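*Asks:* turn this into a model:
(2 chains)
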Number of protein chains: 2
Amino acid sequence: MSGWVKIAGLGPGAEALVTPEVSAALAEATDVVGYIPYVARVAERPGLTLHASDNRVELDRSRHALEMAAEGRRVVVVSSGDPGVFAMAAAVFEAVEAGPSDWRALEIEVLPGITAMLAAAARAGAPLGHDFCAINLSDNLKPWAVIERRLRLAAEADFAMAFYNPRSKSRPEGFARALVVLTEACGDDRPVLFARAVSTPEEELRVVPLPEATPEMADMRTMVILGSSRTRLIERPGRAPIVYTPRGIDP
Amino acid sequence: MSGWVKIAGLGPGAEALVTPEVSAALAEATDVVGYIPYVARVAERPGLTLHASDNRVELDRSRHALEMAAEGRRVVVVSSGDPGVFAMAAAVFEAVEAGPSDWRALEIEVLPGITAMLAAAARAGAPLGHDFCAINLSDNLKPWAVIERRLRLAAEADFAMAFYNPRSKSRPEGFARALVVLTEACGDDRPVLFARAVSTPEEELRVVPLPEATPEMADMRTMVILGSSRTRLIERPGRAPIVYTPRGIDP
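*Replies:* Residues are numbered from 1 along each chain as shown, chains lettered A, B, ... in the order given. Take a look at the predicted model:
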């Protein structure tokens, strides 16, 4: 039997958000590769080897997966959310491009998943109901100047904005700077959603006006969604307000 | 039993991309409401009434769903893809905001799905592996000037761009204008992905350099993804190239 690599999205956390396509791939796999907390979400079974590795070794992990597939193994690389959004798919293709030419002949498939911004948006209402952008706030892989420039242009375009990786222990100051830039560039009190650990037992949602947002409201398990200038709140008796962005702009 | 509305994403087409959460909601529903081709994807069964309606009546459909829930029915509003991305969730909340105040007390939940851009990106590789934006090219609900301005700012921010609703019979000229603006604003030959009917038997993928993209390459079942300036192709023997955007930008 010939080997393959499937780069699969496990969704934000709940089993009910894992697609049947991903479950089927896991059932056929001989090996699962990924970051420790994501591999921990895969059930052990005879015939399946779990290879959990630490954060920030995405290229090593990708090469390992490709080497095993070249030896005939059926390898699932797991990501949280969707593998194509700030996750493992691009890392695997970076490894393919830089690797031996026979890796290009391998069967490599990406299996989409529910990415964090869609799960977070769904829990709050529909803040991404009009044009939006998704920005990775981690400056591990790009200079801060690029991030700041994108924040200003996204505000000028009046996109809603979904922020991945807003904050980590190793660089707590980045998100604080982002909030300063955004408050200045937006100049209004549009809502910001802090959605932590969505679809898990630790889920917490919080909605505040942009000028009241503070860096401590986010950690590495938090997805942050900033509305556009047209994002609205619908107040409800005894419940959190609905946050949504209307579909249209009148001419 | 008290009624509810669940606004559910059916994903791009394949059954294997429908989440268990959505399948469970459909199994509990008394009524399913939606655009004709999406309601046609729901299996009929005793006790379930299907209410299929035409395109462009999203608000009527939303009010109908809310009225039925207020009468105690369990209503699933179906969207293709994800309901929060250019689909039914924002329309339902527009109806809630403008409707009678008791609608605000209803149980309304959004169930996320695999949106078209994630499915299309997965089939091609990982074109959305770095910062990106999603723009609805339909000018039914916003003026063309807003679209053009966003295209120019997105190019300046060097986002990859996912375009929903690129083209319809009633306004074939919009996408042609978008391609002219983008070719000028980007000024290079970055790849454009045309992904039609992804995950269905009619699936077709095509990748061309931006200056060679033409309006006829898209129809209303096509998702268009334009790379950023850093999006790359990995050529493969006997197969379509992989399209991906590396994760990082060197300082």
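*Asks:* anything in stretch A:208-228 sitting right up against chain B?
*Replies:* No - using Cβ under 8 Å from any Cβ of the partner chain, stretch A:208-228 stays clear of chain B, with a minimum separation of 10.4 Å. Every C-beta, even on glycine, is put in place using the N, C-alpha and C of the backbone.
*Asks:* chain center to that stretch: distance?
*Replies:* Centroid displacement of stretch A:208-228 relative to its chain, using Cα atoms, centre = their mean, to the nearest Å, is 15 Å.
*Asks:* likewise for stretch A:40-53?
*Replies:* 22 Å.
*Asks:* ditto for stretch A:125-144
*Replies:* Its chain's C-alpha centre and that of stretch A:125-144 lie 10 Å apart, by Cα atoms, centre = their mean.
*Asks:* got the end-to-end distance for it?
*Replies:* Start and end residues of stretch A:125-144 are separated by 31 Å (Cα to Cα, to the nearest Å).
*Asks:* residues contacting A:Asp82?
*Replies:* A:9, A:112-115, B:118, B:122 (Cβ atoms under 8 Å, 6 or more residues apart in numbering or on different chains).
*Asks:* ChimeraX command for the buried members of these?
*Replies:* The following ChimeraX line selects those of the contacts of A:Asp82 that are buried, judged by 16 or more other Cβ atoms under 10 Å in any protein chain shown:
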select /A:9,112,113,114,115 /B:118,122
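*Asks:* turn the contacts of A:Asp82 into a markdown table, including pLDDT.
*Replies:* Converted to a markdown table, the contacts of A:Asp82 look like this (pLDDT from 0 to 100):
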| residue | pLDDT |
| --- | --- |
| A:Gly9 | 98 |
| A:Pro112 | 98 |
| A:Gly113 | 98 |
| A:Ile114 | 98 |
| A:Thr115 | 98 |
| B:Leu118 | 98 |
| B:Ala122 | 98 |
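*Asks:* in a markdown table, list the contacts of A:Asp82 along with distance to B:Arg104.
*Replies:* Output for those, formatted as a markdown table (distance: Cβ to Cβ, whole Å):
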| residue | distance to B:Arg104 |
| --- | --- |
| A:Gly9 | 34 |
| A:Pro112 | 34 |
| A:Gly113 | 32 |
| A:Ile114 | 27 |
| A:Thr115 | 29 |
| B:Leu118 | 31 |
| B:Ala122 | 37 |
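*Asks:* identify the farthest-apart pair in the contacts of A:Asp82.
*Replies:* The most widely separated members of the contacts of A:Asp82, counting by Cβ to Cβ, are A:Ile114 and B:Ala122 (12.6 Å).
*Asks:* ok, A:Leu210 - contacts?
*Replies:* With contact taken as Cβ under 8 Å, 6+ apart, A:Leu210 is in contact with A:179, A:182-183, A:186, A:188-192, A:226.
*Asks:* try it again with 7 Å
*Replies:* By Cβ atoms under 7 Å, 6 or more residues apart in numbering or on different chains, the contact set of A:Leu210 is A:182-183, A:186, A:189-190, A:192, A:226.
*Asks:* got a winner among these for most neighbours?
*Replies:* Counting neighbours by other Cβ atoms under 10 Å in any protein chain shown, A:Val192 leads those with 28 neighbours.
*Asks:* which strand or helix spans that one?
*Replies:* In this assignment (DSSP states H and E), A:Val192 forms part of strand A:191-196.
*Asks:* so what secondary structure elements neighbour that strand?
*Replies:* helix A:116-124, strand A:204-209, strand A:222-226 (3 or more Cβ pairs under 7 Å, 6 or more residues apart in numbering or on different chains; DSSP states H and E).
*Asks:* looking at the ones you listed, which is buried most?
*Replies:* helix A:116-124 (a mean of 28; mean count of other Cβ atoms under 10 Å in any protein chain shown).
*Asks:* whatever helix or strand comes next after that one vs chain B: in contact?
*Replies:* Using DSSP H and E, the helix or strand that follows helix A:116-124 in sequence is strand A:125-126. Yes - for strand A:125-126, a contact with chain B is found by Cβ under 7 Å from any Cβ of the partner chain, at A:125-126.
*Asks:* repeat for stretch A:169-189
*Replies:* No - judged by Cβ under 7 Å from any Cβ, stretch A:169-189 makes no contact with chain B; its nearest approach is 12.2 Å.
*Asks:* got the CA coordinates for that stretch in PDB?
*Replies:* Provided in PDB are the C-alpha atoms of stretch A:169-189 (Å, rounded to 0.1, in the frame of the first residue of the first chain):
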ATOM      1  CA  LYS A 169       4.100  34.900  27.200                       C
ATOM      2  CA  SER A 170       7.200  35.400  25.100                       C
ATOM      3  CA  ARG A 171       5.900  38.600  23.400                       C
ATOM      4  CA  PRO A 172       3.200  40.200  25.500                       C
ATOM      5  CA  GLU A 173       3.800  43.700  24.100                       C
ATOM      6  CA  GLY A 174       2.700  43.000  20.500                       C
ATOM      7  CA  PHE A 175      -1.000  42.900  21.200                       C
ATOM      8  CA  ALA A 176      -0.800  46.000  23.300                       C
ATOM      9  CA  ARG A 177       0.700  47.900  20.400                       C
ATOM     10  CA  ALA A 178      -1.900  46.500  18.000                       C
ATOM     11  CA  LEU A 179      -4.700  47.800  20.300                       C
ATOM     12  CA  VAL A 180      -3.100  51.300  20.300                       C
ATOM     13  CA  VAL A 181      -2.800  51.300  16.500                       C
ATOM     14  CA  LEU A 182      -6.400  50.000  16.000                       C
ATOM     15  CA  THR A 183      -7.900  52.400  18.500                       C
ATOM     16  CA  GLU A 184      -6.300  55.300  16.700                       C
ATOM     17  CA  ALA A 185      -6.900  54.000  13.200                       C
ATOM     18  CA  CYS A 186     -10.600  53.200  13.800                       C
ATOM     19  CA  GLY A 187     -11.500  56.200  16.000                       C
ATOM     20  CA  ASP A 188     -14.800  54.800  17.300                       C
ATOM     21  CA  ASP A 189     -16.200  52.400  19.800                       C
END
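*Asks:* which positions in that stretch come out as buried?
*Replies:* A:174-175, A:177-179, A:181-183, A:186.
*Asks:* next, the angle from the strand holding A:Val192 to strand A:204-209.
*Replies:* Taking axes from the mean of the first three to the mean of the last three Cα atoms, to 10 degrees, one finds strand A:191-196 and strand A:204-209 inclined to each other by 160 degrees.
*Asks:* quick one: strand A:191-196 to chain centroid distance?
*Replies:* 15 Å.
*Asks:* neighbouring contacts of it?
*Replies:* By Cβ under 7 Å, 6+ apart, strand A:191-196 touches A:120, A:123-124, A:127, A:202-210, A:213, A:217-218, A:221-227, A:231, A:233, A:243.
*Asks:* do stretch A:139-156 as well
*Replies:* Contacts of stretch A:139-156 with the rest of the structure, by Cβ under 7 Å, 6+ apart, involve A:133, A:135, A:137, A:161, A:171, A:174, A:178, A:181-182, A:185-186, B:131, B:153, B:156-157, B:247-249, B:251.
*Asks:* swap the cut-off to 6 Å and go again
*Replies:* Contacts to stretch A:139-156, defined as Cβ atoms under 6 Å, 6 or more residues apart in numbering or on different chains, come from residues A:133, A:135, A:161, A:174, A:181-182, A:185-186, B:153, B:156-157, B:247-249, B:251.
*Asks:* cool, stretch A:29-46 as well?
*Replies:* Outside stretch A:29-46, the residues touching it (Cβ under 6 Å, 6+ apart) are A:10, A:49-52, A:55, A:61, A:65, A:68, A:73-78, A:80.
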